[in-house]
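The following comprises the amino acid sequence and a computationally predicted model.
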Amino acid sequence: MSAQSCCFGWFVQKWGMSSPKITPVNPTNPETPRPLAAPTLPSKVVKDDESALVAAAKAGDVSAFETLVSRYERKIFRLTQNITQNREDAEDAMQEAFLKAYEHLDNFEGNSRFYTWLVRIAVNQALMKLRKRRPNQISLDEEIETGEDSIPREVEDWGPSPEQRYAQTELSGILSQVIGELDPSFRTVFQLRDIDEMSTEETAEALGLSVPAVKSRLLRARLKLRQKLNRYFKQGEAS
Amino acid sequence: MKCKRILTDLQEYFEDGIDPDLRADIEKHLMKCNDCRVVVDTTRKTIDIFCNSEPAPIPEDARHRLYEALQKKIRSCRPE
């Protein structure tokens, strides 16, 4: 069977209709595995002088804190934008995250990285905005339905560098569009793990999820995004 | 290993700490199964494309409001 002729029915038969077994997670349940401690390997997004800047900011150096804000403002805004999918909410959540970080800086004990701590605050602010707009619909720790929407339905190669077929602004628009189509519980995990390059353990820690829960959501998110990007990147699709 | 197993093991395959035997089993399957190889390859490209994307600058008006709010917060937290 050629790749081009593959259809959903064939994949149902080939890969089966059931997704990988999902472990429902409830952070308040003591039987739920707790997140592991943050790993010792530093993430690429964190500069080496972060801890020195945090120490200076805690000692009252305002410019040190402003340097941290300047360093992470784009990433935090993209994070809140991707979670809320609303410009106004994203801006508010970003602003509140930095203000809360400053206000509670003395409570930051350095057990995790400052960036991880900041992301956790920003995620909470963004999710609060999201829940306010869509109450009763947003829960990160709810049981995931073993749906069929991440089962590969099309198998078509993309070529070596599919993203180069699009201009940077057009590509940004495509990525923003497809991640916005994901369920919040998937796009939040994907955002932290694959865009902000946090480890699985850090993502679990930031979201109050177990490591297995992060892994299962991440796989679903990756497969769904692959499916959604297929319409832009498959070979023969001209930009 | 069969195609169905690829999906269940795909998450581990993208992790650094995957069991070497499992990695070998997956790669052995990928060598002979073009469809699974394409799925794995395009999933990896999906991750890379997002991972390598640079965050756009914050809109100037939003940035202005952020720093204005920050200055106000700093003044309230550290009165003269």
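Arrived safely.

Which pLDDT value belongs to A:Val155?
On pLDDT, A:Val155 comes in at 75.

tell me the SS of it?
At A:Val155 the chain is in coil, as set by DSSP: H, G, I helix; E, B strand; the rest coil.

Tell me if I'm right that it and B:Asp35 touch.
Yes: the criterion here is Cβ atoms under 8 Å, and A:Val155 meets it with B:Asp35 at 4.6 Å. From N, CA and C alone the C-beta is placed, and that goes for glycine too.

which one of those two has more residues nearby?
Using other Cβ atoms under 10 Å in any protein chain shown, the more surrounded residue of A:Val155 and B:Asp35 is A:Val155, with 24 against 20.

separation between that one and chain B?
5 Å (Cβ to the nearest Cβ, to the nearest Å).

quick one, what contacts the spatially most central residue of chain A?
Nearest to the mean C-alpha position of chain A, by Cα atoms, centre = their mean, lies A:Gln191 at 1.7 Å. Contact criterion Cβ atoms under 8 Å, 6 or more residues apart in numbering or on different chains gives A:Leu79, A:Asn82, A:Ile83, A:Ile179 as the residues in contact with A:Gln191.

Please report how far the closest residue to A:Glu50 other than its chain neighbours lies from chain B.
Ranked by Cβ to Cβ, 6 or more residues apart in numbering or on different chains and with sequence neighbours excluded, the top spatial neighbour of A:Glu50 is A:Phe114, at 5.5 Å. Distance of A:Phe114 to chain B, computed by Cβ to the nearest Cβ: 16 Å.

Next, count neighbours for A:Phe114.
By other Cβ under 10 Å, 20 other residues sit near A:Phe114.

I figured it was touching A:Ser51, is that so?
Yes: in this structure A:Phe114 lies within contact range of A:Ser51 using Cβ under 8 Å: 7.4 Å.

what domains does the record give for chain A?
As recorded under automatic domain parsing, the domains making up chain A are A:46-135, A:165-239.

Single out the most deeply packed of those domains.
Greatest average neighbour count among the domains of chain A goes to domain A:165-239 (a mean of 20), per mean count of other Cβ atoms under 10 Å in any protein chain shown.

can you give me how far it is from the chain middle?
Centre-to-centre, domain A:165-239 and its host chain are 7 Å apart (Cα atoms, centre = their mean, to the nearest Å).

residues in contact with the residue nearest to A:Glu50?
Counting by Cβ under 8 Å, 6+ apart, A:Phe114 has contacts A:Val46, A:Glu50, A:Ser51, A:Leu53, A:Val54, A:Leu68, A:Phe108.

and the next element down the chain from the lowest-mean-pLDDT helix or strand in chain A?
When the helices and strands of chain A are compared on mean pLDDT, DSSP states H and E, helix A:8-15 comes out lowest with a mean of 44. For helix A:8-15, the following helix or strand on the C-terminal side (DSSP states H and E) is helix A:50-58.

average pLDDT for that next one?
Over the span of helix A:50-58, the pLDDT mean works out to 93.

Quick one: list the elements packing against that helix.
Using 3 or more Cβ pairs under 8 Å, 6 or more residues apart in numbering or on different chains; DSSP states H and E as the contact definition, the elements that helix A:50-58 packs against are helix A:62-84, helix A:114-133.

got the angle between whatever helix or strand comes next after the first one and helix A:62-84?
As assigned by DSSP H and E, the chain's next helix or strand after helix A:62-84 is helix A:87-103. Note on geometry: by axes from the mean of the first three to the mean of the last three Cα atoms, to 10 degrees, helix A:87-103 and helix A:62-84 are set 140 degrees apart in direction.

Could you check the pLDDT of A:Gln177?
91.

Can you tell me which helices and strands the host helix or strand of it packs against?
With secondary structure defined by DSSP H and E, A:Gln177 is part of helix A:168-180. Counting contacts by 3+ Cβ pairs under 8 Å, 6+ apart, helix A:168-180 is packed against helix A:62-84, helix A:184-190, helix A:211-233, helix B:34-51.

For those helices, give me JSON lines that also has mean pLDDT and distance to B:Pro57.
Listed next are the helices and strands packed on helix A:168-180 as JSON lines, based on pLDDT from 0 to 100; distance: least, Cβ to Cβ, whole Å:
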{"stretch": "helix A:62-84", "mean pLDDT": "94", "distance to B:Pro57": "6"}
{"stretch": "helix A:184-190", "mean pLDDT": "92", "distance to B:Pro57": "22"}
{"stretch": "helix A:211-233", "mean pLDDT": "92", "distance to B:Pro57": "24"}
{"stretch": "helix B:34-51", "mean pLDDT": "91", "distance to B:Pro57": "18"}
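
Need those helices in a markdown table (columns: distance to A:Phe98).
Written out in a markdown table, the entries for these read as follows (distance: least, Cβ to Cβ, whole Å):
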| stretch | distance to A:Phe98 |
| --- | --- |
| helix A:62-84 | 5 |
| helix A:184-190 | 19 |
| helix A:211-233 | 25 |
| helix B:34-51 | 24 |
